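Asks: sequence? don't have it. structure:
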């Protein structure tokens, strides 16, 4: 039931926002579009940084595993 209320609320919000956008000038609509693109770019850049960090951790993990393998081989 809560989900139904939430989806109804979201639908009402979207329609009111859409109605408000119709009142804006073309220049204002362009500015809003640019803001939206900027936010999306920032989100993508953050995701890329997160992925790069994960790659670095995995590289270190592989290097550590190779060191352990060498240690095990040298003890035989």
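Replies: Yep, it's here. Everything quoted here is computed from the prediction, not taken from an experiment. Numbers count the residues shown, from 1 in each chain.
Asks: tell me where the model's unsure across the chain.
Replies: 1-15 (pLDDT under 70).
Asks: for residue 18, grab the count of nearby residues.
Replies: 9 (other C-beta atoms under 10 Å). All C-beta atoms are positioned from the backbone trio N, CA, C, and that covers glycine.
Asks: please read the previous query as pertaining to residue 65.
Replies: 10.
Asks: host element of it?
Replies: helix 26-74 (DSSP states H and E).
Asks: what do you get for residue 21?
Replies: Using DSSP H and E, residue 21 sits within helix 2-22.
Asks: for the helix holding residue 65, what is the distance to the chain centroid?
Replies: Centroid separation for helix 26-74 versus its chain: 10 Å, with C-alpha atoms, centre = their mean, to the nearest Å.
Asks: same question for stretch 23-42.
Replies: 19 Å.
Asks: who touches that stretch?
Replies: Where contact means C-beta atoms under 8 Å, 6 or more residues apart in numbering, the residues beyond stretch 23-42 that reach it are residue 21.
Asks: what comes up buried for it?
Replies: Residues of stretch 23-42 classed as buried by neighbour count (16 or more other C-beta atoms under 10 Å): none.
Asks: please shift the residue numbers so they start at 345 in all later answers.
Replies: All right, first residue 345 from here; so that's stretch 367-386.
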